[in-house]
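Student: Sequence first, predicted model second:
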Amino acid sequence: MFLIIIGGGKVGYYLARTLSELRHKVTVIESNRELCLNIANTTSNLDVSVINGDGTSINYLIDAEIETADALIAVTGRDQDNLVACQIAKNKFNVKKTIARVNNPKNIKIFEKLGVNTAVSSTASIVDIIEREVFISRLKSLVTIGNLSINEIKLQPDYHSVNKQIKDIEFPKDCIIISIIRNNDVIIPGGSTTLLPGDEVIAVSRKGSEEKVERVLGKV
């Protein structure tokens, strides 16, 4: 599938990496040049294109070849921008699937009434976790898309995954580490990468497996 992501912040970046590693073609549109450079530099080995521009601009959407996109995912920090991008994609370019991040959960019904196929709220995701009675004390939920959950955990010196190579850690079969933030640098990990205290580990797992991820990386 060909997917366009509006917004290259933390959520957009990890979505782009995850979806590309799942063998989707991804284009990210982001107005901040520095964020664009970071995405381009850290995804050079993946099928990810980056456009520095306004994701609500028809011209930049055309540059991204939106006419051929299977879906548009808007995950900026501004609900209004996410809504506009989705409406343009749906109404002008007939994109079949639009997904929007909704920062204010009160806007979910508005987004859906205005034609957005799926409105995703971080607050609603947290409520869902609570309702499933899964308490995750160390994981920070970044975003949940469909049955995938992207989470972040900062490793403390007493965590049992610290000073171990990734290949020596028994991860759940439905979990992968997609990146590590260490001293403000982004590391694309391999099996021989050693986890260190202070590392911010970004892990992707199936929804419902977050507790297993925490158990493997954190402190029992």
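Tutor: Received the coordinates, thanks.
Student: which non-adjacent residue is nearest residue 55?
Tutor: Closest residue to residue 55 apart from its sequence neighbours, by CB to CB, 6 or more residues apart in numbering: residue 6 at 3.4 Å. Any C-beta I mention is one placed from the backbone N, CA and C, and that applies to glycine too.
Student: contacting residues for the one you found?
Tutor: 12, 29, 55-56, 72-76, 81-82, 85 (CB atoms under 8 Å, 6 or more residues apart in numbering).
Student: can you put these in CSV and add neighbour count and secondary structure?
Tutor: Shown next, in CSV, are the contacts of residue 6 (neighbours: other CB atoms under 10 Å; DSSP: H, G, I helix; E, B strand; the rest coil):
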residue, neighbour count, secondary structure
12, 25, helix
29, 29, strand
55, 28, coil
56, 22, coil
72, 30, strand
73, 30, strand
74, 31, strand
75, 29, coil
76, 24, coil
81, 19, helix
82, 30, helix
85, 29, helix
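Student: I'd like the distance between the residue of the chain most remote from its centre and residue 200.
Tutor: Taking CA atoms, centre = their mean, the residue of the chain most remote from its mean C-alpha position is residue 158, at 27.8 Å. According to CB to CB, to the nearest Å, residue 158 stands 17 Å off from residue 200.
Student: cool, and residue 105?
Tutor: For residue 105, the distance to residue 200 - CB to CB - is 26 Å.
Student: And residue 9, by the same measure?
Tutor: 15 Å.
Student: just residue 104 next, same as before
Tutor: Distance from residue 104 to residue 200, by CB to CB: 26 Å.
Student: Those two - which one has more neighbours?
Tutor: Neighbour tally, residue 104 and residue 200, criterion other CB atoms under 10 Å: the higher count belongs to residue 200, 15 against 10.
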